[in-house]
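Engineer: pasted the sequence and its predicted model underneath.
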Amino acid sequence: MDMVESLIKVTAVALEVAGILVIALGALLSTVTAASGYLQRTAADLYVEYRRRLSRAILLGLEFLVAADIIRTVAIEPTFSSVGILAAIVLIRTFLSFTLEVEVSGRWPWSHDRPPG
């Protein structure tokens, strides 16, 4: 049982590291891409594209972090308190993901053609 628990902990840590790396590398690549396109594009277009790329990286990173939280909480310490904390974390991260998705796509998730507003 200790081996399974160790494997679960390693998996959760690996997912957390992957989430952090995705966000950090996404921020770096977004910045480099924006800087390289600085002379070819207008400031408004550059800003929109930069935010869109950065938001996508954050969204993907958040998915990895939520997965790590779920694995750690459900598989290692499934107490009522830890599940409640997990629910709060997932709720906050889901709200962040939802708002970032609206930002990236420019529309509500349930609408296919219309922008938000």
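Structural biologist: Yep, that arrived.

Engineer: report how many residues lie close to residue 94.
Structural biologist: By the criterion of other C-beta atoms under 10 Å, residue 94 has 12 neighbours. C-beta: built from backbone N, CA, C; applies to glycine.

Engineer: okay, which residue is most central for the protein?
Structural biologist: residue 62 (2.3 Å; C-alpha atoms, centre = their mean).

Engineer: check which element follows the particular helix or strand that has that one in it along the chain.
Structural biologist: Element membership for residue 62 (DSSP states H and E) is helix 43-71. Later in the chain than helix 43-71, the nearest helix or strand by DSSP H and E is helix 80-105.

Engineer: just to revisit the earlier point, wait, the residue nearest to the centre of the chain sits on residue 97?
Structural biologist: Yes: look at residue 62 against residue 97 with C-beta atoms under 8 Å: they come within range, at 5.5 Å.

Engineer: quick one, what contacts the residue nearest to the centre of the chain?
Structural biologist: Neighbouring residues of residue 62 by C-beta atoms under 8 Å, 6 or more residues apart in numbering: 19, 23, 93, 96, 97, 100.

Engineer: mind redoing it with 6 Å?
Structural biologist: By C-beta atoms under 6 Å, 6 or more residues apart in numbering, the contact list for residue 62 reads 93, 97.

Engineer: can you pull the pLDDT of it?
Structural biologist: Residue 62 carries a pLDDT value of 88.

Engineer: quick check: angle from the helix or strand of the chain with the lowest mean pLDDT to helix 43-71?
Structural biologist: Lowest on mean pLDDT, DSSP states H and E among the helices and strands of the chain sits helix 80-105, with a mean of 82. Orientation check (axes from the mean of the first three to the mean of the last three C-alpha atoms, to 10 degrees): helix 80-105 against helix 43-71 gives 160 degrees.
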